[in-house]
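**Q** coords please:
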Amino acid sequence: MSPRREPNPNICRGRTVVCALHAHLGFTPRYRRGPFTDEILRRCEEVTRAVCADFETELVEFNGETDHVHLLVHYPPKVSLSRLVDSLKAVSARRLRQEFPGHIRKYLWGDHFWSPSYFAASCGGAPLSIIKEYIENQKRPG
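**A** Model (predicted):
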């Protein structure tokens with residue numbers, strides 16, 4: 001088999017596209033209160049994996065501290081990150097409030113679990129300086 005044809009789990013292939021899209025996402029609970037314990041983070045990861053599977057994305061890595069979580073997501077180009085984030089936050093908030101009502105109520109009140117904002121950064125592949133150099137060095141005709 002040709003080295004070009006070896007399967008690479010970081011590259012998704014479709015009928016008309018070959019891509020490697022990864023995003024680093026960060027969420028904080030409302031008011032940056034610290035409701036997360038190890039048990040709640042484990043459950044949040046399970047819920048997040050299920051939502052990612054529904055979107056045909058892969059949760060590569062998940063971790064967090066008492067007041068925020070980080071995700072590394074591998075996603076196809078048909079997935080809108082903002083829709084994925086909205087779904088991740090909505091489903092995880094609902095499930096965590098249902099499963100840990102007493103604990104969550106101590107830290108957060110009202111109907112909101114997550115802060116409305118989030119962090120998102122594209123990642124993976126070559127550093128920007130290398131890509132810029134590659135593009136600059138293309139052999140332009142003429």
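**Q** In contact with the nearest residue to residue 59 once chain neighbours are set aside, which residues?
**A** Among residues not flanking residue 59 along the chain, residue 52 sits closest, at 4.5 Å (CB to CB, 6 or more residues apart in numbering). Bear in mind the C-beta positions are built from the backbone N, C-alpha and C, glycine included. For residue 52, the contact set (CB atoms under 8 Å, 6 or more residues apart in numbering) comprises 58, 59, 73, 84, 88.
**Q** In a strand, the third one, correct?
**A** Yes: counting by DSSP: H, G, I helix; E, B strand; the rest coil, one finds residue 73 located in a strand.
**Q** residues near it, how many?
**A** When neighbours are defined as other CB atoms under 10 Å, residue 73 has 25 of them.
**Q** doesn't residue 56 make contact with it?
**A** No: between residue 73 and residue 56 there is no contact under CB atoms under 8 Å: 11.3 Å.
**Q** if we can go back for a sec, quick one: secondary structure of the residue nearest to residue 59?
**A** Going by three-state DSSP: residue 52 is helix.
**Q** residue ranges of the helices in the protein, please?
**A** Counting by DSSP state H, the chain has helices at residues 38-54, 81-99, 101-107, 128-136.
**Q** quick revisit: may I see the ChimeraX selection of the buried members of the contacts of residue 52?
**A** Applied in ChimeraX, the following selects the buried portion of the contacts of residue 52 according to 16 or more other CB atoms under 10 Å:
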select :58,59,73,84,88
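**Q** between the contacts of residue 52, which is closest to residue 15?
**A** Nearest to residue 15 among these: residue 58, at 19.6 Å, using CB to CB.
**Q** With residue 73 as the reference, measure out to that closest one.
**A** 7 Å (CB to CB, to the nearest Å).
**Q** Tell me, please, the helix or strand in the protein that averages the lowest pLDDT.
**A** Using mean pLDDT, DSSP states H and E, strand 12-13 stands out as the lowest-scoring helix or strand of the chain, at a mean of 76.
**Q** what sits against the residue lying closest to residue 25 once chain neighbours are set aside?
**A** Distances taken as CB to CB, 6+ apart place residue 71 nearest to residue 25, at 4.4 Å, with adjacent residues excluded. Applying CB under 8 Å, 6+ apart to residue 71 gives the contacts 24, 25, 26, 27, 48, 59, 61, 62, 88.
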